[in-house]
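**Q** sequence unknown, structure follows:
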DNA sequence: AAACCGATTGACTGGTCAGTCAGCCAGGGA
DNA sequence: TCCCTGGCTGACTGACCAGTCAATCGGTTT
């Protein structure tokens, strides 16, 4: 008993190879043969497990984005202060990058910031993230923790935009990306959005 | 005398057509023939004026980005308050979108947020924008207008990221884009980054 | 051992386009 | 009138690559 799955999961192997190749060359300039080569697998096998090249990227995105959505929604529902909820969101995304920079690079560069081509399909899911963040802000306004003259949707876009810009900076070596930079970023992100630049 | 240039500038005509087509279909899925058709011009003429399809996009980006850089750098040098300088930057970008949404869509979607493929070539110029904004923030910190515990580069990335995210929201119909939304955005953008979400 | 079946292989096909190029045409000069 | 020049034309080519498919392999069942 207990041996329906082959010893090595070729499907997983292909997905992991795809992460590496997409991160290195970008989705558009990777050939399906590149993925197969990187995975050490025959060309045709990619099509045994996936309907198309697009579906490979799809799978990578969905796998990770659902985690991210879950994390944001959990923060939203938690009992923490509103500011701590935002910290949790920023923290989760920054840590995602820290632990798997290649995957996050692919997701941001090829999906999230490619809303014209590939990301178009996923706009609803992407939007759900903005909405959940907006919901945290709205709750903060209700409870008096945040001022009420800034539209929650607007605040959410700014916050998320700042996070993504930061990741882009790391991805393309525009800003230093050490462990301490990551930790600082979490704090500063929230400090900026909550306290602002002007001294109190 | 005075007629070296043909009555209609075909080169300009091609560039304008390219803006429309790139905005509609995205760079990757527009064929050079699409540009020629939209411009009402023969296929080969595109190659008379431009070395390649890439060069068309290049030209569009450079044309507009240099204006943007000039505007930011002028704000940086001006005598206004530091907060007003940031307002000038946000205002210029928002107005650019208001007056020419298709061009800005192309620039953001195909260059600025496509740092992996096309944007890679332009990273230095893009970076210059971040740096100039950072320089405004740094000046504000020197003069005591801004708190000093937030790294200027970090603040600059957050600010620019927020702006770009907002434009993306307009571009992809995630948030309403009326004239009053544009005006509000300028103010809120600066209010958020300077004052923060928490009440004072 | 023979039939069976899903995993695996990689040569091949069909379609798509960027870029080339040989030549056309209009109008200015001799 | 007849060249000459350079903007302009669009059919054509060569390269590239996603996706197909017929064949093979290796393990399991009867």
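**A** Looks like it came in fine. Everything quoted here is computed from the prediction, not taken from an experiment.
**Q** For the residue nearest to residue A:122 when sequence neighbours are not counted, give me the pLDDT.
**A** In this structure, residue A:122 finds its nearest non-sequential neighbour in residue A:111, 5.8 Å apart by Cβ to Cβ, 6 or more residues apart in numbering or on different chains. (C-beta placed from N, C-alpha, C; glycine too.) pLDDT, residue A:111: 96.
**Q** I'd say residue A:111 and residue A:119 touch.
**A** Yes: proximity of residue A:111 to residue A:119 meets the contact threshold set by Cβ atoms under 8 Å, at 4.7 Å.
**Q** the more surrounded of those two?
**A** Set residue A:111 next to residue A:119 and count neighbours by other Cβ atoms under 10 Å in any protein chain shown: residue A:111 wins out with 26 against 22.
**Q** so where is chain A shaky, pLDDT-wise?
**A** A:1-7, A:197, A:200 (pLDDT under 70).
**Q** Common neighbours of residue A:111 and residue A:119, please.
**A** residue A:126 (Cβ atoms under 8 Å, 6 or more residues apart in numbering or on different chains).
**Q** What parts of chain A come near DNA strand C?
**A** A:6, A:10, A:41, A:42, A:43, A:44, A:45, A:47, A:48 (Cβ under 7 Å from any atom of the strand).
**Q** check contacts around the third one.
**A** Under the criterion of Cβ under 8 Å, 6+ apart, the neighbours of residue A:41 are A:10, A:13, A:14, A:17.
**Q** Please repeat the previous calculation with a cut-off of 10 Å.
**A** Counting by Cβ atoms under 10 Å, 6 or more residues apart in numbering or on different chains, residue A:41 touches A:10, A:11, A:13, A:14, A:17, A:35, A:48, A:49.
**Q** before we move on, what about the last one?
**A** When contacts are counted by Cβ under 10 Å, 6+ apart, residue A:48 touches A:10, A:11, A:14, A:41, A:42.
**Q** and the next element down the chain from the helix or strand hosting it?
**A** Element membership for residue A:48, per DSSP states H and E: helix A:43-49. Following helix A:43-49 in sequence order, the next helix or strand is helix A:53-77 (DSSP H and E).
**Q** List the buried residues for that next one?
**A** A:53, A:56-61, A:64-65, A:68, A:71-73, A:75-76 (16 or more other Cβ atoms under 10 Å in any protein chain shown).
**Q** repeat for stretch A:44-54
**A** A:45, A:46, A:49, A:50, A:53.
**Q** Please tell me how far residue A:19 sits from residue B:141.
**A** Per Cβ to Cβ, to the nearest Å, residue A:19 is found 40 Å from residue B:141.
**Q** Neighbour count: those two, which is higher?
**A** Here residue A:19 and residue B:141 are set side by side on neighbour count (other Cβ under 10 Å), and the busier one is residue A:19, at 23 against 20.
**Q** Buried ones in the helix or strand encompassing that one, by neighbour count?
**A** Using DSSP H and E, residue A:19 falls within helix A:10-25. Within helix A:10-25, the residues that count as buried by 16+ other Cβ under 10 Å are A:10-11, A:13-23.
**Q** likewise stretch A:193-200?
**A** A:193, A:194, A:195, A:196, A:197, A:198.
**Q** thinking again about what came up before, cross-check the residues of chain A next to DNA strand C against DNA strand D and keep the overlap.
**A** Near DNA strand D, by the rule Cβ under 7 Å from any atom of the strand, you find A:43, A:44, A:47 out of the residues of chain A next to DNA strand C.
**Q** what's the last one in contact with, if anything?
**A** Put plainly, it is residue A:47. A:32, A:36, A:53, A:55.
**Q** same question, the second one
**A** By Cβ under 10 Å, 6+ apart, the residues touching residue A:44 are A:32, A:36.
**Q** Can you give me the distance of it to residue A:57?
**A** Relative to residue A:57, and taking Cβ to Cβ, residue A:44 is found at 19 Å.
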